[in-house]
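> no FASTA, just this:
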DNA sequence: ATAACAAACGTTATATTATAACAAATTAAG
DNA sequence: CTTAATTTGTTATAATATAACGTTTGTTAT
Ligand SMILES: [Zn+2]
Ligand SMILES: [Zn+2]
Ligand SMILES: [Zn+2]
Ligand SMILES: [Zn+2]
């Protein structure tokens, strides 16, 4: 019974747990600093774990910040359809779960003859808290 | 007659002209290499020009590639609403001009209480040429 | 014209983000 | 067990980006 590899390796588990505990996105070298007490010593060990975690959809990369956040949305398990809201003031980041949006974008076609298999969308603005403080 | 500063500085002109001539997005250090014969010697000179050009909407940054591309779309002069299609095979990048899409996204609201002022969207897939060659 | 201010420049050094290369250890499958 | 594939550990280095500082140039108002 060829059971699909769902088990994460030790380093992958360590890195994932740090990211899942975090309130916001973490940068690779901040993750490294956080896991050094657990035996991970080199950047590459972190980047390799990140690569795998992204591949299986457990985390996403916030491209505009070079930072990594846990997926809270079982809909994008394969990291093919991601959308985030990012506060320009407090840098708060949230994954957007919106079926209409994801359907709209997943089905989007233009006149280029290109069929899109994946997208990443980042919205920027002021979060509720920061809007009040202005 | 307080005429709005629309004149680009020397370095900004040099960097912009390189980016406009290019077929695809250029990386900062590749731009640097290209402009060294024109007197620009240091990365910071390039990055400062890039920053300004982005600010005034002449170019955009392709976040997933850390590369810069000229704006072909007068609709996003202020770089507040950008969308690109990116070929996973040949890395061809094209700015998407689609009024429906940009209206949909500019007006998008979710239940977060956040009003978005800016977005960046990157689609990935195979371009027409690469699809044929598969 | 000239003083005052803002924007752009030049330069050196350094910070931050990410990957190459290689060998050893671990895990999954036949 | 054997073989193949994945993961690991390690060192070194590549690629991307900014800090800090002083100078020069361009704009604006008197
Ligand atoms: Zn997700
Ligand atoms: Zn905020
Ligand atoms: Zn544009
Ligand atoms: Zn292509």
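Good, I have the coordinates. Keep in mind that what you see is a predicted model, and the values were worked out from it rather than measured. Numbers count the residues shown, from 1 in each chain, chains lettered A, B, ... in the order given. Ligands and ions are numbered 1, 2, ... in the order given.
> So for the most centrally placed residue in chain A, what pLDDT did the model give?
By CA atoms, centre = their mean, chain A has its centre lying nearest to residue A:60, at 1.7 Å. If you check residue A:60, the pLDDT there is 97.
> how about the residue nearest to it when sequence neighbours are not counted, phi and psi?
Nearest non-adjacent residue to residue A:60, counting by CB to CB, 6 or more residues apart in numbering or on different chains: residue A:82, 5.2 Å away. C-betas here are computed from N, CA, C, even on glycine. Dihedral pair for residue A:82: phi -120, psi 140, per degrees, to the nearest 10.
> which stretches of chain A form helices?
A:10-21, A:28-35, A:43-55, A:99-106, A:128-133 (DSSP state H).
> export these to TSV and tack on mean neighbour count and mean pLDDT?
Below are these laid out as TSV (neighbours: other CB atoms under 10 Å in any protein chain shown; pLDDT from 0 to 100):
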stretch	mean neighbour count	mean pLDDT
helix A:10-21	18	97
helix A:28-35	17	98
helix A:43-55	17	97
helix A:99-106	14	95
helix A:128-133	12	87
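> wait, doesn't the residue nearest to residue A:60 sit right on residue A:106?
No - judged on CB atoms under 8 Å, residue A:82 makes no contact with residue A:106 at a distance of 11.3 Å.
> overlap in contacts of those two?
residue A:119 (CB atoms under 8 Å, 6 or more residues apart in numbering or on different chains).
> who does the residue nearest to the centre of chain A bridge with?
residue A:69 (DSSP bridges).
> in the strand ranked longest in chain A, what's buried?
Assignment by DSSP state E gives strand A:115-126 as the longest strand of chain A. Across strand A:115-126, burial judged by 16 or more other CB atoms under 10 Å in any protein chain shown covers A:116, A:118-126.
> Distance from the chain centre to stretch A:43-51, please.
14 Å (CA atoms, centre = their mean, to the nearest Å).
> and if you look at stretch A:19-36?
12 Å.
> and the closest residue to ligand 1 within chain A, what does it touch?
Closest to ligand 1 within chain A is residue A:71: 3.2 Å, counting by CB to the ion. Applying CB under 8 Å, 6+ apart, we find residue A:71 in contact with A:57-60, A:77, A:79, A:95.
> And it, its phi and psi?
phi -80, psi 130.
> Quickly note the distance from it to ligand 3.
According to CB to the ion, to the nearest Å, residue A:71 and ligand 3 sit 30 Å apart.
> same question, residue A:79
26 Å.
> Touching, that residue and residue A:57? I think so.
Yes - with contact defined as CB under 8 Å, residue A:79 and residue A:57 form a contacting pair (4.6 Å).
> Can you tell me which residue of chain A sits closest to ligand 3?
residue A:110 (14.8 Å).
> residues near the residue nearest to that residue when sequence neighbours are not counted, how many?
Spatial nearest neighbour of residue A:110, chain neighbours left out: residue B:98 (5.5 Å); criterion: CB to CB, 6+ apart. Neighbourhood size, residue B:98 [other CB atoms under 10 Å in any protein chain shown]: 17.
> Surely residue B:98 is in contact with residue A:112?
No - between residue B:98 and residue A:112 no contact is recorded; they are 9.9 Å apart, counting by CB under 8 Å.
> So what sits opposite the nearest residue to residue A:80 once chain neighbours are set aside in the bridge?
Using CB to CB, 6+ apart and skipping residues adjacent in sequence, the residue nearest residue A:80 is residue A:118, 4.6 Å away. Taking DSSP bridges as the rule, residue A:118 bridges to residue B:124.
> Great, nothing more from me.
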